[in-house]
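Asks: Sharing a sequence plus its predicted fold:
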Amino acid sequence: GYSRRPFTMAFRHERQSAWFDGMEAAFRHFGGVTEEVLLDNAAALVTRHDAATREVVFNDRLHAFSRYWGFRPRACAPYRARTKGKDERGVGYVKNNALAGHGFASMEALEQHLAWWMREIADLRCHGSTGEPPLQRFVRDEASKLRPLNGRPPFRQIRELVRKVHGDCAVEIDTNAYSVPWRLVGETVQVTVSAGRVSVFHAGRLVAEHAEAAGRHRRLTDPAHFVGVAGANGPVRRAETFEEPRLHLPELLRPLAEYEQLAGGRW
């Protein structure tokens, strides 16, 4: 907003996936994440926004998305476009300068045109309000204020699951078992799977983390999760393969001949 440097992307629909993909593309374009993101009251993002009380209920998935990227979502006041005037004027600028009078043979052609327009026109023009090229103002004053991306994968590559901890102190994901602290047996935990890591949270706190198992029917355990359990002395093997329990038959305490004598002869 301060630099007026725009990011523009076209989508065929307004579903939630488009909003998330668009915001993540903007984060990559600018090289970081802002502290706050001002949103329109799209149904895919805002469950309810009371115009009188200003009570806002965001979509649960948006809450997860904002936590993942570390920004604070804020919804515009309903029916008051001036609360996002910079955005509205920016949309008009895109329509009139980047799109008006142009035709595109494909979605890919439109995307290439918008990338060129942002780089060669929108970033370099002298902005009417600031008197500076947006790119120059951004590099000088805004870029250092953004939080780095740190190579995070896209949010939609993250799997978020809810699991109950089994009696063997583990949660099961895709037939593989991952240990958690034994005190959580019977508790419900939240699990995220991303970038080859399985992270388990309880009451918002990280309680276990494992490398994602390759293959199926594997068991990954952390010895620290069994500290304090009777009989849990010694190291616990990692990445054990599940095996069917073996049946151990008790040995006979007497030879068969003695049973024959007691029974009065041979069987």
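Replies: Ah, there it is. Please read all numbers here as calculations on a predicted model, not as lab measurements. Residues are numbered from 1 along each chain as shown.

Asks: in the chain, which spans are helices?
Replies: With DSSP state H as the definition, the chain shows helices at residue ranges 16-30, 60-69, 85-93, 107-117, 134-137, 256-263.

Asks: And for Ala105, the neighbour number?
Replies: Neighbour count for Ala105, taken as other CB atoms under 10 Å: 7. For glycine as for every other residue, the C-beta is placed from the backbone atoms N, C-alpha and C.

Asks: and it, how far is that from Ser17?
Replies: Using CB to CB, to the nearest Å, one obtains 25 Å as the distance from Ala105 to Ser17.

Asks: on that earlier part again, export the helices of the chain to a markdown table and append columns for mean neighbour count, mean pLDDT and distance to Thr192.
Replies: What follows is those, written out as a markdown table (neighbours: other CB atoms under 10 Å; pLDDT from 0 to 100; distance: least, CB to CB, whole Å):
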| stretch | mean neighbour count | mean pLDDT | distance to Thr192 |
| --- | --- | --- | --- |
| helix 16-30 | 17 | 94 | 16 |
| helix 60-69 | 16 | 90 | 9 |
| helix 85-93 | 14 | 80 | 31 |
| helix 107-117 | 14 | 96 | 31 |
| helix 134-137 | 18 | 97 | 36 |
| helix 256-263 | 10 | 59 | 60 |
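
Asks: quick one: which of those helices is nearest Gly196?
Replies: Gly196 lies closest, by CB to CB, to one member of these: helix 60-69, at 16.7 Å.

Asks: What does the pLDDT read for Asp141?
Replies: Looking at Asp141, its pLDDT stands at 97.

Asks: For my notes, please list the helices of the chain in CSV and give distance to His49 for each entry.
Replies: CSV is the format used below for the helices of the chain (distance: least, CB to CB, whole Å):
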stretch, distance to His49
helix 16-30, 16
helix 60-69, 13
helix 85-93, 17
helix 107-117, 30
helix 134-137, 30
helix 256-263, 83
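
Asks: pretty sure Val162 contacts Thr192?
Replies: No - at 10.8 Å, Val162 does not count as touching Thr192 under the criterion of CB atoms under 8 Å.

Asks: Can you pick out the residue with more neighbours from these two?
Replies: A side-by-side neighbour count of Val162 and Thr192, using other CB under 10 Å, places Thr192 first with 18 against 9.

Asks: Would you mind confirming that that one is in contact with Gln157?
Replies: No - look at Thr192 against Gln157 with CB under 8 Å: they stay out of range, at 10.8 Å.

Asks: Quick check: pLDDT value at Gly101.
Replies: Predicted confidence (pLDDT) for Gly101: 95.

Asks: Run a quick neighbour tally on Lys95.
Replies: Neighbour number of Lys95 under other CB under 10 Å is 10.

Asks: For Arg218, which of the helices of the chain is the nearest?
Replies: Closest to Arg218 of the helices of the chain is helix 60-69 (CB to CB; 26.9 Å).

Asks: Sketch out the low-pLDDT regions of the stretch 151-267 of the chain for me.
Replies: Segments of the stretch 151-267 of the chain classed as low confidence (criterion: pLDDT under 70) are 230-267.

Asks: ranges for the strands of it?
Replies: Taking DSSP state E, counting those that start in this stretch as the test, the strands found in the stretch 151-267 of the chain are 159-164, 170-173, 176-179, 188-194, 197-202, 205-211, 218-220, 240-241.

Asks: I'd like the ones you listed as JSON lines, with distance to Glu24 appended.
Replies: Formatted as JSON lines, the strands of the stretch 151-267 of the chain follow (distance: least, CB to CB, whole Å):
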{"stretch": "strand 159-164", "distance to Glu24": "16"}
{"stretch": "strand 170-173", "distance to Glu24": "25"}
{"stretch": "strand 176-179", "distance to Glu24": "28"}
{"stretch": "strand 188-194", "distance to Glu24": "14"}
{"stretch": "strand 197-202", "distance to Glu24": "19"}
{"stretch": "strand 205-211", "distance to Glu24": "23"}
{"stretch": "strand 218-220", "distance to Glu24": "30"}
{"stretch": "strand 240-241", "distance to Glu24": "38"}
